[in-house]
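Dropping the sequence and predicted coords here.
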Amino acid sequence: MSLKEKNRKILVTSALPYANSPLHLGHIMESVQTDIWVRFQKINGHECTYVCADDAHGTPIMLKAEELKITPEELISQIHKDHKESLENFNIDHANFHTTHSEENKELSELIFRRLEEKNLIESRVIKQLYDKEKDMFLSDRYIKGTCPKCKADDQYGDNCEVCSGTYDATELLKPISVLSESVPEVKDSEHLFFKLSELKDSINNWIDSSFVQPQVVNKLSEWLDGELRDWDISRDKPYFGFSIPGHENKYFYVWLDAPIGYLASHKNYLDKIGDTKTFEECWKPDSDYEIYHFIGKDIMYFHTLFFPAMLKHSDFKTPDGVFVHGFLTLNGEKMSKSRGTFILAKTYLDNLDPEYLRYYFATKLGPGVDDVDLNLEDFKQRVNSDLVGKFINIGSRSAKFINKDFNNALASQLHNPELVKEFITIASSIKVLYEARDFNKAMREIMSLADKANQYVDKMQPWVLSKTNPKDEVIQQICTTSLNLFRILAIMLKPVTPELANKIAAFFNDHAYTWNSIDEPLLEQNINQFKPLLGRIDDQSIEQLIKPEK
């Protein structure tokens, strides 16, 4: 993947949150990472569309609805509204946030299945499956726990191990237990449909070689591809909440078949809503010049780097140009847990703190790799207070007051230090490269280093001292115009991360909506508004509210 100067046509997705519970900060981290990259592309003039959806099928939703004594449709509708609201409040700029329980997804899932079936890539087999006699149902992988047959880790689910990342059949689990009834399941025969992935090793390897996948992910994929690549079970038995498989009575598409197809469905739904009848086919045809990228967590990279690309390739759709994998979110160094008070819902955060604080903090921690990200609440407080308030906002507040008070709100006609402004403009090109590479943490370090330099300039010039002898001295106006231009450049650089803050700063300057090219245009002889506080400091009480135990 290269940084192109020409206008690009890009489709971006992030993983679909599951529609059975509210969003937590782990979901938000991924959405923020994706949104920063999307916003960066947009302010550089590229056509970048970000679509997502709720993952609305599967046994957990069926059982949750049963527990609440409502229909699955009612449950996913309620959750969809909640998810959409939380994401919007974190300034996630989706073009469309849809649901996989949609007519578009049903049609596309059936189309892809039919094309795979026509190419003899679907096979029917009788398999042995774990069955819960007490619940009178076959158990999906998530409702079986036991000991991993590969690394012997306890308390692992029936499809893959969170410790060694190994995959296996549920019947291979050692000491299996039904999560639903705590009983020992029995093994029964059932006819299932399989996608013949084992025949597509070369195809998958070709996709990996031709697309962007992080080296750490390629290494893991090599382990899987060097071993036995198994065919993929894509059907489930009733009772099941999902799409029934045409021509196969009482069989349903496994949620992991139709969930990623939800990316296509959300895109199609968006285009239909805006009356665009051409782009869907142009984007998803095999030789499309659109770029397609998925942002996902490392726990689901198996599906997005093996199953989904193979499924798209062999049903005559475009495969993704890249899959960007990130690590897990931990809280104060621990895995998120409700019982330990290390689990924060998106709504809990929004009730207490500005979303732009967290967007910035995540940006300081996220890089192009797959390392886990720790939300250390003390570090979060200190970093935001130091960087955003103490460094960045401080540049504007300490300079604007002289322009407001002594120069009738007017910036000077020339800069006191044009070389320093030019230096900031020059460095912007390297920060642009870091954004493109998703190296957000390094970009934030570079930006805050520039903020330090801007503050050092103001400290050296001491406009407050000059103001004591001659408050109307045009040199003061030029010094403050210089520092305010530095402040403006930094605001534009931060716009993908803190979009609302950037918009407030543009309004303060009576400026147009910022694009990256706005950096190249110093603001002179411009009337500005009275400077008002833009962000307050995070206090200890707000942090304590985030981790209050749930009642």
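Alright, I've got the coordinates. Just so you know, these numbers come straight off a predicted model, no measurement behind them. Numbers count the residues shown, from 1 in each chain.

tell me which residues in stretch 385-394 are buried?
For stretch 385-394, burial by neighbour count (16 or more other CB atoms under 10 Å) applies to 385, 387, 388, 389, 391, 392, 393, 394. C-beta: built from backbone N, CA, C; applies to glycine.

Next: stretch 441-459.
441-444, 446-448, 450-451, 454-455, 457-458.

ok, now which residue in this structure is the farthest from the centroid?
Most distant from the centre of the chain: residue 469, at 53.1 Å, with distances by CA atoms, centre = their mean.

what about that one, distance to residue 476?
Distance from residue 469 to residue 476, counting by CB to CB, to the nearest Å: 10 Å.

Next up, phi/psi of the residue nearest to residue 184 when sequence neighbours are not counted, please.
Among residues not flanking residue 184 along the chain, residue 177 sits closest, at 6.4 Å (CB to CB, 6 or more residues apart in numbering). Backbone torsions of residue 177, given as degrees, to the nearest 10, read phi -140, psi 140.

What's the per-residue pLDDT of residue 177 here?
Looking at residue 177, its pLDDT reads 94.

How many neighbouring residues does residue 546 have?
Applying other CB atoms under 10 Å, we find 19 residues neighbouring residue 546.

My guess is it contacts residue 350. True?
No. At 10.6 Å, residue 546 does not count as touching residue 350 under the criterion of CB atoms under 8 Å.

Mind listing the shared neighbours of those two?
Residues touching both residue 546 and residue 350 (CB atoms under 8 Å, 6 or more residues apart in numbering): none.

ranges for the strands of the stretch 251-400 of the chain?
Here the stretch 251-400 of the chain has its strands, by DSSP state E, counting those that start in this stretch, at 251-253, 291-297, 322-326, 329-331, 334-335, 373-375.

Out of those strands, the one nearest residue 100 is which?
Nearest of the strands of the stretch 251-400 of the chain to residue 100, taken as CB to CB: strand 251-253 at 10.2 Å.

Buried residues in stretch 370-379, which are they?
Under 16+ other CB under 10 Å, the buried positions of stretch 370-379 are 370, 373, 374, 375, 377.

Report how far apart the opening and closing residues of that stretch are.
21 Å (CA to CA, to the nearest Å).

average model confidence for that stretch?
The predicted model assigns stretch 370-379 a mean pLDDT of 96.

all helices for the stretch 351-500 of the chain, in order.
For the stretch 351-500 of the chain, the helices defined by DSSP state H, counting those that start in this stretch cover 355-365, 377-383, 394-406, 418-436, 440-461, 463-469, 474-494, 499-508.

Format those helices as CSV; extra columns: distance to residue 332.
As requested, those are exported to CSV (distance: least, CB to CB, whole Å):
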stretch, distance to residue 332
helix 355-365, 13
helix 377-383, 6
helix 394-406, 28
helix 418-436, 28
helix 440-461, 19
helix 463-469, 41
helix 474-494, 26
helix 499-508, 26
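
what's the closest of these to residue 515?
helix 474-494 (8.0 Å).

Report the inter-axis angle for the closest one versus helix 499-508.
On the basis of axes from the mean of the first three to the mean of the last three CA atoms, to 10 degrees, helix 474-494 is oriented at 150 degrees to helix 499-508.

what sits against the closest residue to residue 317 other than its chain neighbours?
Using CB to CB, 6+ apart and skipping residues adjacent in sequence, the residue nearest residue 317 is residue 284, 5.0 Å away. Counting by CB under 8 Å, 6+ apart, residue 284 touches 264, 267, 290, 317, 318.

Also residue 226?
Residue 226 neighbours (CB under 8 Å, 6+ apart): none.

And residue 531, which helix or strand is it part of?
Here residue 531 sits in a region with no helix or strand, counting by DSSP states H and E.

From residue 75, how far out is it?
For residue 531 relative to residue 75 (CB to CB), the value is 48 Å.

show me where pLDDT drops low in the protein?
Counting by pLDDT under 70, the ranges of the chain that qualify are 1-5, 337-342, 549-551.

hmm, 80 instead?
Within the chain, the segments meeting pLDDT under 80 span 1-6, 140, 142, 336-342, 548-551.

Settle this for me: residue 150 is touching residue 168, isn't it.
Yes. Here residue 150 reaches residue 168: they are 6.8 Å apart, a contact under CB under 8 Å.

Give me the common contacts of these two.
residue 161.

Confirm residue 236 sits in a helix?
No. Under DSSP: H, G, I helix; E, B strand; the rest coil, residue 236 falls outside any helix and is assigned strand.

for it, what are its contacts?
59, 138, 140, 242, 251, 252, 253, 254, 255.

circling back to that earlier point, ok, now how distant is the residue nearest to residue 184 from residue 170?
On the measure of CB to CB, residue 177 and residue 170 end up 11 Å apart.

Settle it for me: which of those two has more neighbours?
Taking other CB under 10 Å, residue 177 and residue 170 do not tie; residue 170 has more neighbours (24 against 18).

For the more buried one, which residues are in contact?
Taking CB under 8 Å, 6+ apart, one finds 129, 130, 139, 141, 144, 158, 159, 176 in contact with residue 170.

rewinding a little: for residue 202, state which of the contacts of residue 236 is nearest.
residue 254 (24.6 Å).

check contacts around the closest one.
So residue 254 contacts 233, 234, 235, 236, 242 (CB under 8 Å, 6+ apart).

Report the beta-bridge partners for the fourth one.
According to DSSP bridges, the partner residues bridging residue 236 are residue 252.

give me the beta-bridge partners of residue 189?
In beta-bridge terms (that is, DSSP bridges), residue 189 pairs with residue 128.

Skip the chain neighbours and tell me the closest residue to residue 36.
Nearest to residue 36 is residue 496, by CB to CB, 6+ apart, at 4.7 Å.

no, scratch that, I was asking about residue 149
Take residue 149 and drop its neighbours on the chain: the residue closest to it by CB to CB, 6+ apart is residue 172, 4.5 Å away.

One more: residue 344?
Here the residue nearest residue 344, using CB to CB, 6+ apart, is residue 25, at 4.9 Å.

my guess is that neighbour contacts residue 349, does it?
Yes. The criterion here is CB under 8 Å, and residue 25 meets it with residue 349 at 6.4 Å.

what residues are shared contacts of those two?
Shared contacts of residue 25 and residue 349, counting by CB under 8 Å, 6+ apart, come down to residue 358.
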